[in-house]
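>>> the following comprises the amino acid sequence and a computationally predicted model.
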Amino acid sequence: MNKLYTILLFLFVSSSILWAQQEPQYTQFMHTKQLFNPAYVGAKGVPCVKGLYRNQWMGFKGAPISQVLTFNMPFLDPRVGFGVNLQHYEIGIIENWEADLAYSYDLMPEDNISVRVGIMGSIRQFGLDFSDPDLFIRNINDASITRGENYTTTEGDVGAGLYVDYEGYYFGISVPNIISNVIGNNNDQPLTAVEEPHIYAMAGGLIPLPDSKLSLFPNALLKYVKDAPWTLGLNLSLMYDNRFTFGGSYRLSNENSDSIDFLFHFQANNNFGLGISYDYPLFEIQDHTSGSIEVMLDYCFGTKSPDMSNPRFFF
């Protein structure tokens with residue numbers, strides 16, 4: 001297990017190697033757009049709450065674990081959206097918390113097209129537990145390591161995004177954290193950990209197949225951040241009777257982090273949905289883990305049930 005901590009510390013803490021702090025990734029990204037694009041809040045037209053749990057690289061002590069809780073709703077006017085995100089993320093000796101408030105406005109609230117712009121404000125706490133007895137320190141002279149102590153810093157950030165929905169197809173681009181906050185604890189050194197802006201681009205759509213209850217549901221998400229690996233998730237799902245969705249994804253990167261993913265989503269009724277996914281890595285770590293799982297629950301409120309025949313409901 002010490003070997004894992006060495007790897008995690010090398011990747012996420014070492015100030016001489018890495019400048020950018022990577023954000024958590026989610027396999028069910030087509031259902032978690034609110035986390036990285038504030039323009040999405042209010043897009044469904046009804047209040048919705050969502051909870052998600054992700055256990056990545058199961059079998060490793062200190063492997064990434066994430067919990068997410070989100071809420072969004074139209075606010076006073078259908079053109080205005082409001083949302084809240086709460087996130088918790090752990091990997092090795094790292095523990096991060098985040099709270100976001102998001103606002104969106106629909107510039108074109110027509111039946112067949114919606115063009116939303118959004119902004120968000122965030123409070124983020126970054127923590128390092130150097131008192132962990134399993135921690136193996138690779139370089140005892142590293143100024144970023146405070147042996148036997150805890151280190152935390154709290155930073156504010158802002159983000160912005162654009163989300164377009166046109167006749168069942170969507171596109172979005174966003175930067176959820178614009179400010180390059182210094183989050184390392186060795187500020188007197190030439191290099192330290194910096195939270196670089198992340199750029200997200202996403203697209204997808206719901207394509208009904210003629211004379212059947214089936215629809216194709218393709219989705220894509222590209223994530224880019226300076227001085228860190230980019231990732232591209234490509235998903236193709238098949239939806240049956242607006243209730244059952246089965247699909248597969250391929251996540252690729254310019255460094256070793258590729259995976260093949262399997263997804264299932266069940267829309268029990270107009271209000272309640274359940275999603276689950278499984279990832280299998282396609283690089284060296286596959287010999288040491290049984291993969292990654294993700295479980296999601298979502299519930300939409302309102303006395304008037306959303307129209308499940310409207311593709312926008314599924315976005």
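Sure thing, it's come through.
>>> contacts, neighbours, all on C-alpha from now
Will do.
>>> dig out what the nearest residue to Leu238 once chain neighbours are set aside forms beta bridges with.
Take Leu238 and drop its neighbours on the chain: the residue closest to it by Cα to Cα, 6 or more residues apart in numbering is Leu216, 4.8 Å away. Beta-bridge partners for Leu216, by DSSP bridges, are Ile207, Leu238.
>>> how near is Leu216 to Ala201?
Computed with Cα to Cα, to the nearest Å, the distance linking Leu216 and Ala201 is 20 Å.
>>> circling back: distance of the residue nearest to Leu238 from Pro208?
Summarising the geometry, the distance separating Leu216 from Pro208, computed by Cα to Cα, is 6 Å.
>>> check Leu232 too.
For Leu232, the distance to Pro208 under the criterion Cα to Cα works out to 25 Å.
>>> following element in sequence after the helix or strand hosting Tyr151, please.
Here Tyr151 is covered by strand 150-166, with elements defined by DSSP states H and E. Beyond strand 150-166 on the C-terminal side, the first helix or strand identified by DSSP H and E is strand 169-175.
>>> strands paired with the following helix or strand past that next one, and their directions?
For strand 169-175, the following helix or strand on the C-terminal side (DSSP H and E) is strand 181-182. Strand pairing for strand 181-182, using DSSP bridges, gives strand 194-195 (antiparallel).
>>> need the next SSE after the partner strand, C-terminal direction.
Tracing the chain C-terminally past strand 194-195 and defining elements by DSSP H and E, one meets strand 198-205 next.
>>> now do that following strand: distance to the chain's middle.
Using Cα atoms, centre = their mean, to the nearest Å, the mean C-alpha position of strand 198-205 is found 11 Å from that of the whole chain.
>>> now do the same contact list for the residue nearest to Gly156 when sequence neighbours are not counted.
Take Gly156 and drop its neighbours on the chain: the residue closest to it by Cα to Cα, 6+ apart is Ile123, 4.6 Å away. Contacts for Ile123 were tallied using Cα atoms under 8 Å, 6 or more residues apart in numbering; they are Glu98, Ala99, Asp100, Thr154, Glu155, Gly156, Asp157.
>>> can you check Met296 too?
Met296 neighbours (Cα under 8 Å, 6+ apart): Lys50, Gly51, Leu52, Tyr53, Leu274, Gly275, Ile276.
>>> let me see the contact set for the first one.
Neighbour list for Lys50: Val68, Leu69, Thr70, Phe71, Met296, Leu297, Asp298, Tyr299 [criterion: Cα under 8 Å, 6+ apart].
>>> nearest to Phe75, out of the contacts of Ile123: which one, please.
The closest of the contacts of Ile123 to Phe75 turns out to be Asp100 (Cα to Cα; 16.5 Å).
>>> residues contacting the closest one?
When contacts are taken as Cα under 8 Å, 6+ apart, Asp100 is in contact with Val84, Asn85, Leu86, Met120, Gly121, Ser122, Ile123.
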